[in-house]
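> sequence isn't available, so here's the structure alone:
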């Protein structure tokens, strides 16, 4: 009877331990793309201007959320507040995928495609963009491949030109198409 009780307690304790390990591995990589980690809002002394959003020094993983854009003629508009709130996300325009993110207080728009593996999902973490399919790592500031699958590293994520106006990122279809084409053709 004691042996059965000890065996049952061992199974329960082992199950709790496995659940704790899995919970730790899953932190920051939730399948719920819209989840917001509790560590996203840094505390800042009152005398220092606040810098919000992801930092290249933080290991918090910002999985992409889906952004809504407004397309009118040749103009594509994306809310800066939406990007700031999520930290990292992506959007489609004319079947071309793009990412927009904030890093160290600056905003970026890049083509969002890993040509060899076909991924269109990049997690922003530690100042890098990590491909959701092959795990190849790109520099979030330059878009250049850093480590991982060599074929994928050769497709740097090209930046799209944008301006800001009234709390929005304003892009042209021409500039977005150029960034996308330069990424998939390994130009620029």
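Received the coordinates, thanks. Here the structure is a predicted model, which is why all the values come from computation and not from measurement.

> buried ones in stretch 98-114?
Taking 16 or more other Cβ atoms under 10 Å as the neighbour-count basis, stretch 98-114 is seen to contain the buried residues 98-103, 107-114. All C-beta atoms are positioned from the backbone trio N, CA, C, and that covers glycine.

> who touches stretch 175-184?
Stretch 175-184 is contacted from outside by 76, 93-94, 96-98, 109-111, 113, 115, 155-162, 187-188, using Cβ atoms under 8 Å, 6 or more residues apart in numbering.

> and if we set it to 10 Å?
Outside of stretch 175-184, the residues within contact range by Cβ atoms under 10 Å, 6 or more residues apart in numbering are 69, 74, 76, 91, 93-98, 109-115, 143, 155-163, 171-172, 187-188.

> list the buried residues in stretch 158-173.
Along stretch 158-173, the positions that meet the burial threshold by neighbour count (16+ other Cβ under 10 Å) are 158, 159, 160, 162, 168, 169, 171, 172.

> secondary structure, distance to residue 178 and pLDDT for the buried residues of stretch 98-114 - can I get that in CSV?
Listed next are the buried residues of stretch 98-114 as CSV, based on DSSP: H, G, I helix; E, B strand; the rest coil; distance: Cβ to Cβ, whole Å; pLDDT from 0 to 100:
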residue, secondary structure, distance to residue 178, pLDDT
98, strand, 12, 97
99, strand, 16, 97
100, strand, 16, 97
101, strand, 19, 97
102, strand, 22, 95
103, strand, 22, 95
107, strand, 18, 96
108, strand, 16, 97
109, strand, 12, 98
110, strand, 12, 97
111, strand, 9, 96
112, coil, 15, 95
113, coil, 14, 94
114, strand, 19, 91
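
> tell me the secondary structure at residue 83.
Here residue 83 is recorded as helix under DSSP: H, G, I helix; E, B strand; the rest coil.

> burial of it, as a residue count?
Residue 83 has 24 neighbouring residues, counting by other Cβ atoms under 10 Å.

> so what's it up against?
By Cβ under 10 Å, 6+ apart, the contact list for residue 83 reads 53, 65, 67, 89, 91, 99-102, 107-109, 168-169.

> can you do 7 Å?
Taking Cβ atoms under 7 Å, 6 or more residues apart in numbering as the definition of contact, the neighbours of residue 83 are 89, 100, 101, 102, 107.
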